[in-house]
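Visitor: Just to be clear, the model below is a prediction. Sequence and coordinates:
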Amino acid sequence: MIIKTITSLNKQIHEPARMAIMSILYAMDKVEFLYLMNEIGLTQGNLSSHITKLETAKYIVVEKTFVGKRPKTFIAATEAGRLSFKSYMKDLNEILKSVI
Amino acid sequence: MSKLEKKLFTSYSFKDGISDIFWGLFLIGLGCSAFITNAGIERPFSLLIIALPVGGLFLVFKYYISRPRLGVIKFSKSRKRKRGLVLLIAVIVQIIVGVLLWLVLSKNEAMENLSGFINPVTIFFFIVLFTSAIAYIYDYNRLYLIGLAIGSGIPLAEALEPTLGSNWAGLLAFGIYGFIMFCFGLYLFVKFLMDNPLNEQTV
């Protein structure tokens, strides 16, 4: 039973960088790209590619705005993203409980 | 998840050391306020002379130094509610203090009855209670210590006044705490600037 849960873990989220992104977005309303980059410690290109994957899965939305003449990119979790992350955390918790 | 939110919030809000520098300067300013008062400027106004530039400096540092390095966050609804509650408490306390100050300045008769209750010990408890409530709601642990420093500074200044005079008693009572806080904040601030250089971000 637990093996099935392990193999069925959400692969879009089950990657350290994307899990970190989703954790932050789950706890916050909206964050700037720069904040995620600093907090997770990824390069711009690396973070962009993870964000694109999560955006394709419709777990997050990317919003580009200008503050004065500076471009700002904000990222927020969608409702589907929040639900998927919650369910992923529940599965992970179940696995940990049965293993440890 | 609430633990993570709390951790992210405290790290985002306080790791730059700006709030510690602010409180340090404010405490040093409180210590110096006796000099201003003795120079002829009444007590609430002498405190304003200190609080306004220090508060302004805090906002400028946060907006122009910290924010461009950390990025912008919109916190969750629960955090916004906590912020609203803190604001509400601060406004209520401001009103209470404002009314008391007005009664003192206008030499109102009501003050005669209240004056027995207003002494360094009750002021200590009032300040510690107020800052602890905000520290608890806002998850700002260092505010407990800051509240103790401000609160204990008043009876300490009173106790030192007969030997040192009001100018130096105030400076000693608040200035030492303020200086320690300022140095700690400065250390965090320099570390923050080294760890977070300006980064022009695009996606």
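Guide: Cool, the structure landed. Bear in mind that the values here come from a model prediction, so they are computed numbers and not experimental data.

Visitor: after the helix or strand hosting residue A:4 comes which helix or strand?
Guide: With secondary structure defined by DSSP states H and E, residue A:4 is part of helix A:2-7. Downstream of helix A:2-7, the first helix or strand assigned by DSSP H and E is helix A:16-27.

Visitor: what sits up against the longest helix along chain A?
Guide: Ranked by residue count, the top helix of chain A under DSSP state H comes out as helix A:79-99. Applying C-beta atoms under 8 Å, 6 or more residues apart in numbering or on different chains, the external contacts of helix A:79-99 come out as A:2, A:5-6, A:8-10, A:12-14, A:22-23, A:25-26, A:54, A:57-60, A:77. All C-beta atoms are positioned from the backbone trio N, CA, C, and that covers glycine.

Visitor: Can you point out the buried residues in that helix?
Guide: Neighbour-count burial for helix A:79-99 flags A:81, A:82, A:84, A:85, A:88, A:89, A:91, A:92 (criterion: 16 or more other C-beta atoms under 10 Å in any protein chain shown).

Visitor: same check, this time on stretch B:47-54
Guide: Neighbour count says stretch B:47-54 has B:47, B:50, B:54 buried, by 16+ other C-beta under 10 Å.

Visitor: Spatially central residue in the chain, please.
Guide: With no chain named, the answer covers chain A. residue A:22 (2.4 Å; C-alpha atoms, centre = their mean).

Visitor: wait, chain B
Guide: Mean-position check on chain B, C-alpha atoms, centre = their mean. Result residue B:23 at 4.8 Å.

Visitor: Can I take it that that residue is in a helix?
Guide: Yes. Secondary structure of residue B:23 (DSSP: H, G, I helix; E, B strand; the rest coil): part of a helix.

Visitor: Count the neighbours of the closest residue to residue B:72 other than its chain neighbours for me.
Guide: Sequence neighbours aside, residue A:32 is the residue nearest to residue B:72 in space, at 4.4 Å (criterion: C-beta to C-beta, 6 or more residues apart in numbering or on different chains). A total of 20 residues lie near residue A:32 under the criterion other C-beta atoms under 10 Å in any protein chain shown.

Visitor: so who does residue A:32 touch?
Guide: Shown in contact with residue A:32 (C-beta under 8 Å, 6+ apart): A:72, A:73, A:74, A:75, B:71, B:72, B:73, B:201.

Visitor: Same question for residue B:149.
Guide: B:27, B:174, B:177, B:178, B:181.

Visitor: which of those residues lies closest to residue B:6?
Guide: Distance to residue B:6, by C-beta to C-beta, is smallest for residue B:181 among those, at 22.5 Å.

Visitor: where in chain B is pLDDT low?
Guide: B:1, B:43, B:101, B:104-105, B:107-108, B:110-116, B:199-203 (pLDDT under 70).

Visitor: all helices for it, in order.
Guide: Under DSSP H, chain B gives helices at B:2-14, B:18-38, B:43-61, B:67-70, B:77-105, B:109-114, B:120-138, B:142-195.

Visitor: From the contacts of helix A:79-99, list the ones also adjacent to chain B.
Guide: Intersecting the contacts of helix A:79-99 with the contacts of chain B gives A:23, A:26 (criterion: C-beta under 8 Å from any C-beta of the partner chain).

Visitor: for the residue of chain B found nearest chain A, phi and psi?
Guide: Nearest residue of chain B to chain A: residue B:71, at 3.2 Å (C-beta to the nearest C-beta). According to degrees, to the nearest 10, the main-chain angles of residue B:71 amount to phi 90, psi 170.
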